[in-house]
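Engineer: Got a sequence here, can you build the structure:
(2 chains)
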Amino acid sequence: MKKWMRTETFAAWAFMAPGLLIVAVFVLWPIVYGLPLSLTDYSVIGETHYVGVDNYVTAFQDKSFLASLWNSMVYVLIVPIIQIISILMAILVNSRIPLIKAFRAAYYIPVVTSMVAVALMWSWLFSSNGVINYALIQLGIIQEQVGWLSSSSTALYVIMFITMWKGLGYYMMLYLAGLQSIPTDLYEASMIDGASRWQTIYRITIPLLRPHILFCTLISLMGAIRVFDEVFVLTNGKGGPGTATLTSSLYIYQKGLVQFNFGYASALGLIVSVIVGILSILVFRLNKKGGVQTY
Amino acid sequence: MNNPTITTKTDYKTPSPQARKWKKGIRYTITYVLLIALALFMTGPFLWLLSVSLMPGRNVFSNPPAVFPTFINFGNYAQVWNFMNFPKYIMNTVIITVMGVVFNIILSCMTAYPLAVFRFKGRDMVFTLLIATMIIPSSTAMIVHYLTIQWLNLGNTYLGVVLPAAVSVFNIFLMRQTFLTIPTEIRDSGKMDGASELRIWWQLVLPLVKPGIAVIMLLEVMAFWNNFLWPIVVLDDPEKYPLASALTYLNGQFSYNFGWIAAGTIISVIPIIVVFLFTQRYYMEGLAGAVKG
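Structural biologist: Numbering: from 1, shown residues only, chains lettered A, B, ... in the order given. This is a model prediction of the structure:
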C-alpha cells in the first residue's frame, strides 16, 4: 500500500465514493441539468436545438399549464386545514390514558399504506352509487346521487380531501413530538393563574409549537404543490374531467414522460420550482412576523 | 388604597371530591368518544374494503351498498391469486424492496461514517453540497432520471427502478447523527490493534448503530413497497410491475370486477400494516428523531 493511501482523507473519500456518486447522478445532476435542458426542444423525435426562452414563452400561453398551476394553488388550501386538524388531533392524543397508543397507531395506518390503495378505496366510496352518496341521501343532506369524481366542480376537492385524510396521522405525530417537548410546569403555572383550557392552548401551546408549525407547513405545502399519485390513480393519469384536477406535477409528467417533450417539461418544472421556492420564503416570513401572538 | 374587589383564596369555590370525580368521568367519556369517532374515520374505509372483499357477488354498486359482512367467502382472494398472477407481483415487490433497502442501508452507512468521525480535506464542502440539495426544490427530477436511466441502458430493469432512490441525503444525515453518538475510543482501540478502517467500520462500529439502521430499513421498506409511479415509468413490461403499480394497471383492465381489485388492494396493504404495527415503536422514534435532525 502506498503511503498516501493510508491517510484519513483517502479512507474518507473511499467510503463516501459510492454514495456520493449516486447523490451526484440522481440528486445533484437533475438540479443542474434542468436549466440547460429547458432551453432546448429535446424530445424523442428530431434533432435537438437550442431554443432560448421559447419554452417559457410557450408555457405562459399554454392554457392547460395555467389551469394546472391554478389547481395546484387551490390545492394549497389544504395546508392550513391540515395544520388545524392535526394540531387538534395531537392535543387529543397527548395524554396518558389507557389504549392511547393503539389510537395513535390507528390514526397512522393511512400514512403507511400506499396512495394507490387509498385512492382506489376512496374512489369506490365516492362513486355515484357508493356508500357516501347512499349515506348522504339517507340523512337527507343531498336529494340525488352526486358524481363526486366525475363532476368538475367537486372532483378536485374530493382528491384534496383524500390527500388530507392520508396525511393527518403523519402531521399529528410530528405535532405530538412538539407537544411533548413543552415543559409541563408552564401548564401548571397557567392553571394556577386560572387560565381556561382554550387560553392555555392559544397562549402556550400554539406559540411554543411554532417551529413545528413552520416545519409541517413547509412539508405539506411542497406536498400539496407536487401532488401527483392520488390524481394519477383517480383520473387514470388524465387530470379530468377536462382540466378540473390537472395539477402541475401531473401536467409535467404528461408532457415529459407521456409525450416525451423533455425540454418543454423541464421548463415547466423549473417554473414550478421557482413558485415553490417563493411560497416557502413567504411561509418563513409569515412565521417570523407572527400570525400568532407570542407571549 | 383599599380595594374591596380583591378576594382571598378561600372565596374560590372548591368543588367537592364527588363533583370532581363526576367532572373527570365526563371528560374521560368525551375524550374516548372523540378518540373512537376519529379511529372510525381513519380506519373505517379499510375495514369496509375488507368487508366487501370478503363478500363475492355483493359489491359497492348494490343498493343499499354493502357495508358490514353478512357472510364471509374467500372466493375473491382465491381468484385474484390464480387469475391475476399475484404471487408474481408479490415476488416483484419483494425483489424491489429488498434491493432498495439494502442499497440504502449500505450506502448511507458508508457515506455518513467519515462525515461523522473522520477529519479530512473537503469535509465542509461535502456537507454544504448535501444540505444545498435538500433545500433546492426539483420538479424536473423525474424527467432527468428517466434520461439518465435510458442513457445507462437500465430501462426495463429492477436496477433502474431502485438506483435513483438507492441513497437519500436524508438517510445520510440520519446515519451521521447516529455515528456521532459512538465514542471515539472504539475506533482508536481498533487502530491500536492494527485493524483497517473498513474492518473497524464493519466489525466494531456497525453493530453499535443498529437502531439507526432499523429506522432507515423501516422507512425504506414502506417507501419502496408503496412506490408505483417510477416502476411504471422504467418498466415496459407490466409482468415486472410491483403490487402498487400492478393495482393501477389491473384496475384499468378489470374495473368491472370490483371484488377482485378490492381483494388485491387488501393483499397489497396488509403486509405493510403488519410491519408497521409490529415496529411502530422504532418507527415513531425514528420519525421524532428525523424532525430533530
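
Engineer: use CA for all of it now, contacts and neighbours both
Structural biologist: Will do.

Engineer: Could you double-check that residue B:276 sits in contact with residue A:112?
Structural biologist: Yes. The criterion here is C-alpha atoms under 8 Å, and residue B:276 meets it with residue A:112 at 7.4 Å.

Engineer: so where is the stretch 101-250 of chain B shaky, pLDDT-wise?
Structural biologist: Low-confidence segments of the stretch 101-250 of chain B, defined by pLDDT under 70, span residues B:137.

Engineer: Swap in 50 and give it another go.
Structural biologist: Counting by pLDDT under 50, not a single residue of the stretch 101-250 of chain B qualifies.

Engineer: Residue nearest the middle of the chain, spatially speaking?
Structural biologist: You didn't say which chain, so I picked chain A. Centroid check for chain A by C-alpha atoms, centre = their mean gives residue A:223 as the closest residue, at 1.3 Å.

Engineer: switch to chain B, that's the one I care about
Structural biologist: Nearest to the mean C-alpha position of chain B, counting by C-alpha atoms, centre = their mean, stands residue B:222 at 3.6 Å.

Engineer: and that residue, what is it in contact with?
Structural biologist: In this structure, residue B:222 makes contact with A:112-113, B:272, judged by C-alpha atoms under 8 Å, 6 or more residues apart in numbering or on different chains.

Engineer: Out of those, list just those in helices.
Structural biologist: A:112, B:272 (DSSP state H).

Engineer: now the contacts of residue B:222 in CSV, with neighbour count, distance to residue B:163 and pLDDT?
Structural biologist: Formatted as CSV, the entries for those read as follows, by neighbours: other C-alpha atoms under 10 Å in any protein chain shown; distance: C-alpha to C-alpha, whole Å; pLDDT from 0 to 100:
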residue, neighbour count, distance to residue B:163, pLDDT
A:112, 21, 22, 91
A:113, 22, 23, 93
B:272, 19, 22, 92
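
Engineer: Nearest to residue B:247 among the contacts of residue B:222?
Structural biologist: residue A:113 (13.3 Å; C-alpha to C-alpha).

Engineer: quick one: the closest one from chain B, how far?
Structural biologist: For residue A:113, the distance to chain B equals 6 Å [C-alpha to the nearest C-alpha, to the nearest Å].

Engineer: Leaving out the residues flanking it, which one is nearest to that residue?
Structural biologist: Across the structure, with C-alpha to C-alpha, 6 or more residues apart in numbering or on different chains as the measure, the residue nearest residue A:113 apart from its sequence neighbours is residue B:269 (5.8 Å).

Engineer: Which residue ranges make up the domains of chain B?
Structural biologist: Structural domains annotated on chain B: B:16-73, B:81-292, as defined by automatic domain parsing.

Engineer: Quick check: which element contains residue 215?
Structural biologist: All of this is about chain A. If you go by DSSP states H and E, residue A:215 is part of helix A:210-225.

Engineer: Wait, chain B was what I had in mind.
Structural biologist: The secondary structure element spanning residue B:215 is helix B:210-226 (assigned by DSSP H and E).

Engineer: For the stretch 1-150 of chain A, give me the ranges with low pLDDT.
Structural biologist: Applying pLDDT under 50 to the stretch 1-150 of chain A picks out no residues at all.

Engineer: Could you pull out the strands in it for me?
Structural biologist: Secondary structure of the stretch 1-150 of chain A (DSSP state E, counting those that start in this stretch): no strands present.

Engineer: the helices in it, which residues?
Structural biologist: In the stretch 1-150 of chain A, the segments counted as helices under DSSP state H, counting those that start in this stretch are A:8-23, A:29-38, A:54-59, A:63-75, A:78-93, A:100-112, A:115-125, A:131-138.

Engineer: Same check on the stretch 1-150 of chain B?
Structural biologist: Under DSSP H, counting those that start in this stretch, the stretch 1-150 of chain B gives helices at B:17-53, B:75-83, B:86-117, B:123-135, B:141-151.
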